[in-house]
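1. Generate a structure from the sequence data that follows.
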Amino acid sequence: MPLGASTADLPRGPARSLLDAARLPQAVAVLSVAPKGTATPPDVAPFDAAPALELEDYARFRARLAVRGEDDVETLRNYGVHSPSIKEALREKFAARFRQDPEAQQQFVALVQRFVAELREHATKR
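-> Residues are numbered from 1 along each chain as shown. The predicted structure follows:
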């Protein structure tokens with residue numbers, strides 16, 4: 001989880017139980033949402049600096065980071081994330097979307113679970 005975050009910051013309901021069941025700590029980090037009205041730290045890039053990813057692409061990105069590690073250079077490069085501030089801007093962009101659209105959040109969680117399972121299955125076949 002991000003520094004300073006707690007489980008109280010996690011979304012409630014089905015999305016949280018899906019994450020708990022899948023034990024996807026990296027996906028949990030992306031779903032932690034700052035309370036409304038919280039200022040964005042000055043070292044965080046604005047939303048428009050974040051790569052334009054569709055929900056499915058963002059789920060693949062988060063799944064790869066969950067499996068390969070949060071700082072996997074290849075994954076970050078492949079998704080156009082060239083700095084920690086851009087990664088944070090992307091996270092916040094989707095966190096804002098999930099606050100507005102809980103169904104999108106549930107779809108995201110299901111996609112991350114599927115992609116993580118696929119990546120792990122592929123890794124065991126090597």
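
2. Looking at the protein, which helix is longest?
-> Counting residues, the longest helix in the chain under DSSP state H turns out to be helix 102-125.

3. what about this protein, any weak spots by pLDDT?
-> By pLDDT under 70, the low-scoring segments of the chain are 1-49, 126.

4. Mind doing that once more with 50?
-> For the chain, applying pLDDT under 50 flags the ranges 1-42, 44-45.

5. which residue packs closest to Glu74, ignoring adjacent ones?
-> Arg68 (7.7 Å; C-beta to C-beta, 6 or more residues apart in numbering). Placement of C-beta: from N, CA and C, glycine included.

6. Please apply the same query to Ala63.
-> In space, Ala63 is closest to Phe115, 3.5 Å off (C-beta to C-beta, 6+ apart).

7. buried set for the longest helix of the chain?
-> The neighbour-count check on helix 102-125 (16 or more other C-beta atoms under 10 Å) flags 105-109, 111-113, 115-116, 119 as buried.
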